[in-house]
Structure formats: structure tokens, C-alpha cells
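>>> Sequence and computational prediction follow.
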Amino acid sequence: MSEQSLYEQLGGDPAVDAAVDIFYRKVLSDDEISHYFETTDMDAQRAKQKAFLTVAFGGPNRYSGKDMRAAHARLKLKESDFDRVMTHLGATLKELGVSDALIGKAASIAMSVKNDVLNR
Amino acid sequence: MTLINYAGGRFELLPDESVLECLERAGHRIPSFCRAGVCQSCVLRAQSGDVPAVAQRGLKESWKQRGLFLSCVCQPDTELHLTPAEVTAEFETRVVHVDRASENVLRVLLQRPEGLRFEAGQYLQLIRPADGLMRPYSIASLPEDSTIELHVALLAGGQMSQWLVGALGSAVRVVGPFGDCVYVAGEQERPLLLAGTGTGLAPLLGVLRAALRAGHRGAISLYHGAVNRAGLYCWNALTGLQRESSNLRLVGSVLREDGVGSVPPEHPSIIVRPLEELVLDAITTEQRLYLCGHPEFVQRLRKKVFLAGLPLSRIHADAFVAPAARPA
């Protein structure tokens, strides 16, 4: 059995970089949630998407639950918004040929920050 | 022992310490957040020394070539001289030439101040000394030229533009450089698409000149959009460059077939069709794209080409936001 972390199994930083443009296109094309991602500074927005994907991939980060709350508080996100993002995350990984087992692991990491992101 | 130079101080990097941690230990406050090479809050700039590749992973090529890196994951083996990411300085200079590139555009040349380092296509803030009035203008000339070429849209009631009409010989100040609209070295075969409206031509001309000077071999297409022919300026300079470079294609986009400009009426490169449509037709996912000029044009088109598959790292956008529309 390999002792690799999920992040390593997914391919590390290059995999996150490959995923981030695909993921960003999906959320920006989703009329239900695209307004959260519309900005004049798309490079800065891309860095945020990359931070989120790094968390979901189990990669190196020091984000705390408090950070998550602070970053999302003013957005007043609904549960359905979070669910759509989860769908796009899964579809992104699928498109990159990631196995269902690993997609499940990434999804459960992302789910673990749900209460913080929704501020409840 | 590795040394880090920053803000006049010289600090010894401890084993396993990142540049960020070292500078913090020395009492400097550097913005940071994830501290894991992801969020890009802690970006610094290396003026000399070798930055490990891992500290530049995921950054745009144009950032890398300016020496930007992520200080939180940087553990160098050799001495580094560092500055904040955006190093700008203020310089005194003089207006040495003013002419009309078209009915509505002034071409203004400034004496290039000693010590001002920039890349063609970046922009400066021009300051009128009498009252401190400040406006941003992109640089159309090359860094080694003795003068700095700016294109100024003449606006009715425009405080800076109307003053510049008669400003020959006047002392001015400039602050800069700013912006990411620059030629990226090291990919000479890549096709380039440059598209701009109005004086958005200035940074494109800067990028174009830098590309040609670097001996760029890939196809270069420059699209300039205006309401009518009178708005297409600098056509002589552009066709001059085209005669010397077989890989350069010029297209003028006009909305209406009227007005008399510097472009000969029979010129085949002028198309009566909106610039946005021409760009969307011409774009391929292999290109590097530069978009400059009207903010709505730039921002709408950037989103469209990104959704169409161009990576964000290969889109350089410079939206010319007018003073009145600038958020408070």
C-alpha cells in the first residue's frame, strides 16, 4: 500500500494548477453562482480558487475555520450555492481523469469546511 | 550561510527558514496568509540572486521574468537582494515633444529619466507639478529609447489632456512603472494576438516593439479598434514595422465606414466589424493575448476568451478606466 497523501496521489501543485482554470470556468459559467466570482481582477480571483482547490486536495495550507468564516461572511452564501460548487469540483476532477475514490476523498475534505463557509 | 538583503538590511537565513520567516524575524511586516505557496499574498521581488523554482511555481510567466516569487516557500542557496513586489519610484522629467497622432490623440514624448526601469507596455502615472493632477498613461516605446512615448486621448474638458496640448518644454513628474502588459521572453514561436481600442494601442505598440526587438518568430496579429477611420492612428509607424517583419499582421476594425484618417481609403486591412467579434474569431488556445483600452471591452472579452479555453496566465488585460468611472 502506498503511504502517499491525497495531495500527492492527485498530483500535487501541478494538478491543482491544471484544475484551477477548469474549475474557474465552471463556476463562472453557472448563472446561479457566477456573480460571486465576477470581478475585474481575475488573476486575484484565480488565486482564491487555487487556494480552495489546494484545501480540497488535502494540500499544504494553514487556513483555519476562522479564516474560512472571515473570507466568506460578507457573501451570505446559501446551502445550494455550496452544493453547486461541490458539483463543479467533482466534475473538474472527473474531467482530469481522477478516480471516483479520490474524488470522494477530496469532496469529504471540502465538505468539512461547509459550516465555516456558510457561517453557521 | 545565505544572506537576504531587504530594505537596507542584511539578514542571515537560518536552516529550514523561509525568506518570509527570516524577514519577519528581522522585524519586517510582509503581508501573508496561507504561508504555503498558494495565496500569493507574500510575493516579493528578487533584483539579484537565484530564486529556487519551487518559489515561482504557479506564477504567471511575466511575473517570473520580473523576479517575483513566493517568499513563504523560498529557501534560497545563494544571497538574494529583495524588494517589495511593486517597486515604483517618482522621477522628474520634461515634455520634449508633442504632436497629434490623430484628431483625438496626442503623442507625447518625455525625456527618459535616469534610473527609471520599466518594460514596454507598462504604465506610468503622469503628474502635473503645479497642482499634483495625476493620470495614468501606457508606454509605447522601448526601455532603452532616449524618450518615453505616451498616447493621450484628447477629451473635451480633459484637465490633463488639454493641458498637454501646450505643454512642450514643461517639467512633469512620473511615478511607476505599473502593470502586467509586457512581452514574455523565452517563447519566441508562440503566436501573439494584440487587441486594443483607442489609445489602448499604446501598450500594444510597446509589446509589439519588444517582441520584434527580441526576434519573435511566431505570428503576431495586431488589431486596433475605433469608431471610424479617423480613430485609427499611428498607422504609418505600424506599416513601417510590418515592412520589416513578415510575421506581423495588422487589422483595423471600425464600426462605421466614414471619417478621414491617416489610413489610405483603399487599405485592405480595414474591416467594418466590431473588434470583439474579430478577436473571438481569431483567438486560438495556443496564443498569448493582450487586451487594452475601453474597460467594458477589455473585461467582457477577457472573460469570454477565458471561458473559450485560453489560460488566464496567457491573458494580459489593461482596462483604461476613466477618472469619472473610477470607484471612490
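Everything's here; your move.
>>> residues contacting the residue of the stretch 101-250 of chain B found nearest chain A?
Relative to chain A, the nearest point of the stretch 101-250 of chain B is B:D180 (8.0 Å; Cβ to the nearest Cβ). All C-beta atoms are positioned from the backbone trio N, CA, C, and that covers glycine. Applying Cβ atoms under 8 Å, 6 or more residues apart in numbering or on different chains, we find B:D180 in contact with A:D43, B:K60, B:S62, B:W63, B:Q122, B:H316, B:D318.
>>> Skipping adjacent residues, who's closest to the residue of chain B found nearest chain A in space?
Across chain B, the shortest distance to chain A (Cβ to the nearest Cβ) belongs to B:A36, at 3.9 Å. Distance criterion Cβ to Cβ, 6 or more residues apart in numbering or on different chains; nearest residue to B:A36, sequence neighbours excluded, is A:P60 at 3.9 Å.
>>> part of a helix, is that neighbour?
No: looking at A:P60 with DSSP: H, G, I helix; E, B strand; the rest coil, it is coil, so not inside a helix.
>>> what's the burial count for it?
17 (other Cβ atoms under 10 Å in any protein chain shown).
>>> just the one 3 residues further on next, same as before
Residues within reach of A:Y63, counting by other Cβ under 10 Å, total 20.
>>> just the one 3 residues further on next, same as before
Other residues near A:K66 come to 9 when the count uses other Cβ under 10 Å.
>>> what about it, which SS state?
Per three-state DSSP, A:K66 ends up helix.
>>> Kindly list the main-chain dihedrals of B:F306?
Per-residue torsions, B:F306: phi -70, psi -50 (degrees, to the nearest 10).
>>> quick one: contacts for it?
Applying Cβ under 8 Å, 6+ apart to B:F306 gives the contacts A:D21, A:Y24, A:R25, A:L28, A:M42, B:L312, B:I315.
>>> Ok, B:V108 next?
Applying Cβ under 8 Å, 6+ apart, the residues near B:V108 are B:V95, B:H97, B:V98, B:Y137, B:E149, B:L150, B:H151, B:V152, B:L164, B:A167.
>>> Residues in a beta bridge with the second one, which ones?
Beta-bridge partners of B:H97, counted by DSSP bridges, are B:L109.
>>> what's around it, how many residues?
Neighbours of B:H97 (other Cβ under 10 Å): 13.
>>> Quick check: it touching B:S170?
No: at 11.9 Å, B:H97 does not count as touching B:S170 under the criterion of Cβ atoms under 8 Å.
>>> Pull the residues that contact stretch A:86-101.
A:10, A:15, A:18-19, A:22-23, A:26-27, A:30, A:53, A:56, A:102-103, A:106-107, A:110-111.
>>> Average pLDDT for that stretch, rounded please.
Computed over stretch A:86-101, the mean pLDDT rounds to 93.
>>> go on, stretch B:187-198?
For stretch B:187-198, mean pLDDT is 97.
>>> Quick one: end-to-end length of it, please.
For stretch B:187-198, the separation between the terminal residues is 28 Å (Cα to Cα, to the nearest Å).
>>> ok, which residues in chain A are in contact with chain B?
Contacts of chain A with chain B, taken as Cβ under 8 Å from any Cβ of the partner chain, map to A:13, A:16-17, A:21, A:24-25, A:28-29, A:40, A:42-43, A:46-48, A:50-51, A:54, A:59-63, A:67.
>>> Could you pull out the helices in chain A for me?
A:6-10, A:12-28, A:42-56, A:65-72, A:79-95, A:100-111, A:114-117 (DSSP state H).
>>> pretty sure B:A26 is touching B:A7, no?
No: assessed by Cβ under 8 Å, B:A26 is found out of contact with B:A7, at 9.1 Å.
>>> Close to chain A: what parts of chain B are there?
So chain B meets chain A at B:33-40, B:57-58, B:60, B:180, B:295, B:299, B:302-303, B:306-307, B:311-312, B:315, B:317, B:319 (Cβ under 8 Å from any Cβ).
>>> Can you classify the residue of the stretch 101-250 of chain B closest to chain A as helix, strand or coil?
Strictly by three-state DSSP, B:D180 counts as coil.
>>> Just list the residues touching residue 5, thanks.
Went with chain A since none was named. Applying Cβ under 8 Å, 6+ apart, the residues near A:S5 are A:G58.
>>> Wait, chain B was what I had in mind.
Counting by Cβ under 8 Å, 6+ apart, B:N5 has contacts B:F11, B:E79, B:L80, B:H81, B:L82.
>>> Any chance of a PyMOL selection covering the buried ones in those residues?
Buried residues within those, by 16 or more other Cβ atoms under 10 Å in any protein chain shown, are selected in PyMOL with:
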select buried, chain B and resi 11+80+82
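>>> what's the farthest-apart pair in the contacts of B:N5?
The most widely separated members of the contacts of B:N5 are B:F11 and B:H81, with 11.8 Å between them, by Cβ to Cβ.
>>> which element follows the lowest-mean-pLDDT helix or strand in chain B toward the C-terminus?
When the helices and strands of chain B are scored by mean pLDDT, DSSP states H and E, helix B:61-65 comes last with a mean of 85. Downstream of helix B:61-65, the first helix or strand assigned by DSSP states H and E is strand B:68-70.
>>> If you count contacts, what does that following strand end up packed against?
In terms of contacts (3 or more Cβ pairs under 8 Å, 6 or more residues apart in numbering or on different chains; DSSP states H and E), strand B:68-70 is packed against strand B:43-48.
>>> List the buried residues of the strand it packs on.
Quick answer for strand B:43-48 (16+ other Cβ under 10 Å): B:V43, B:L44, B:R45, B:A46.
>>> strand partners of it, parallel vs antiparallel please.
Partners of strand B:43-48 in its sheet, by DSSP bridges: strand B:68-70 (antiparallel), strand B:80-84 (antiparallel).
>>> in the first one, what's buried?
The reference is to strand B:68-70. Per 16+ other Cβ under 10 Å, strand B:68-70 contains these buried residues: B:L68, B:F69, B:L70.
>>> Return the residues in contact with the first one.
Shown here is B:L68, whose contacts under the criterion Cβ under 8 Å, 6+ apart are B:V43, B:L44, B:R45, B:A46, B:Q56, B:L59, B:A85.
>>> are any of the residues of chain A next to chain B buried, and which?
For the residues of chain A next to chain B, buried by 16+ other Cβ under 10 Å: A:13, A:16-17, A:21, A:24-25, A:28, A:42-43, A:46-48, A:50-51, A:54, A:59-61, A:63, A:67.
>>> Other residues contacting stretch A:62-70?
By Cβ under 8 Å, 6+ apart, the surrounding residues in contact with stretch A:62-70 are A:A51, A:V55, A:V113, A:D116, A:V117, A:N119, B:F33, B:C34, B:R35, B:A36.
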